[in-house]
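S.K.: No sequence on hand, only this structure:
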């Protein structure tokens, strides 16, 4: 079973809409959760991290964590064409020193 | 500027010809790591280092070597490259003091082995 699973997409939303990206993880003891954005041919860029159950907001981005359901999500409000990218979910599992990445969800924001 | 610098950005080589991809960070980070990224497989960790002279295998270490003689540098060595090592490689670093473990990534090295 993969450590971190994401729907590969593509996910298409119109400009101004809310984009919802989802991620599940297998290790119930996982402690730290991250969302990275990666433009085509570029390196991943950290946009959000969350450790506690609930919501964490940063500008147009909201990360949501539900440890009981082993589920973490990223909401992007007022989506812009510049948000079009692949979004990577990453998790530090219990007892590990490393980030495990999902395969990413490709988001396209249509003008 | 805080950054992770990888070189080269692009490399085409032939099977069996030893190569080194360099990685350097200027943030005094303890932790450094190498990943490869392949379509449909995502980012997979090759090797990581918790500090100087401390290295360990990731998920896909076969065919690779690393060293950590200085805190800032973490080169990736392919002793005898093969076509299945054609990939996009990223170096990353992080401070490991608790709290935010977010990685800073280098710009990537696109390697083609023919």
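M.R.: It's in. Please read all numbers here as calculations on a predicted model, not as lab measurements. Residues are numbered from 1 along each chain as shown, chains lettered A, B, ... in the order given.
S.K.: Next secondary structure after the helix or strand bottoming out on mean pLDDT in chain A?
M.R.: Among the helices and strands of chain A, strand A:99-101 carries the lowest confidence by mean pLDDT, DSSP states H and E, at a mean of 88. Going down the chain from strand A:99-101, the next helix or strand is strand A:105-110, by DSSP states H and E.
S.K.: what ranges do the strands span in the chain?
M.R.: Picking chain A for this. A:4-6, A:11-14, A:19-25, A:32-38, A:45-50, A:54-58, A:61-66, A:71-76, A:85-92, A:99-101, A:105-110 (DSSP state E).
S.K.: Please refer instead to chain B.
M.R.: With DSSP E as the criterion, chain B has strands spanning B:4-7, B:10-13, B:19-25, B:31-38, B:42-51, B:54-57, B:65-66, B:76-78, B:87-94, B:104-105, B:109-113.
S.K.: would you list these in JSON lines and tack on mean pLDDT?
M.R.: Formatted as JSON lines, these follow (pLDDT from 0 to 100):
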{"stretch": "strand B:4-7", "mean pLDDT": "96"}
{"stretch": "strand B:10-13", "mean pLDDT": "97"}
{"stretch": "strand B:19-25", "mean pLDDT": "98"}
{"stretch": "strand B:31-38", "mean pLDDT": "95"}
{"stretch": "strand B:42-51", "mean pLDDT": "92"}
{"stretch": "strand B:54-57", "mean pLDDT": "94"}
{"stretch": "strand B:65-66", "mean pLDDT": "98"}
{"stretch": "strand B:76-78", "mean pLDDT": "98"}
{"stretch": "strand B:87-94", "mean pLDDT": "95"}
{"stretch": "strand B:104-105", "mean pLDDT": "92"}
{"stretch": "strand B:109-113", "mean pLDDT": "97"}
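S.K.: Now tabulate those strands in CSV and tack on distance to chain A.
M.R.: C-beta coordinates here come from the backbone N, C-alpha and C atoms, glycine included. Listed next are the strands of chain B as CSV, based on distance: least, Cβ to the nearest Cβ, whole Å:
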stretch, distance to chain A
strand B:4-7, 8
strand B:10-13, 11
strand B:19-25, 12
strand B:31-38, 7
strand B:42-51, 4
strand B:54-57, 8
strand B:65-66, 14
strand B:76-78, 15
strand B:87-94, 6
strand B:104-105, 4
strand B:109-113, 8
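S.K.: how about those, which one is nearest residue A:20?
M.R.: strand B:42-51 (20.0 Å; Cβ to Cβ).
S.K.: so that closest one versus strand A:85-92, what angle?
M.R.: Interaxial angle, strand B:42-51 versus strand A:85-92 (axes from the mean of the first three to the mean of the last three Cα atoms, to 10 degrees): 50 degrees.
S.K.: packing partners for strand B:42-51?
M.R.: strand A:99-101, strand B:31-38, strand B:54-57, strand B:65-66 (3 or more Cβ pairs under 8 Å, 6 or more residues apart in numbering or on different chains; DSSP states H and E).
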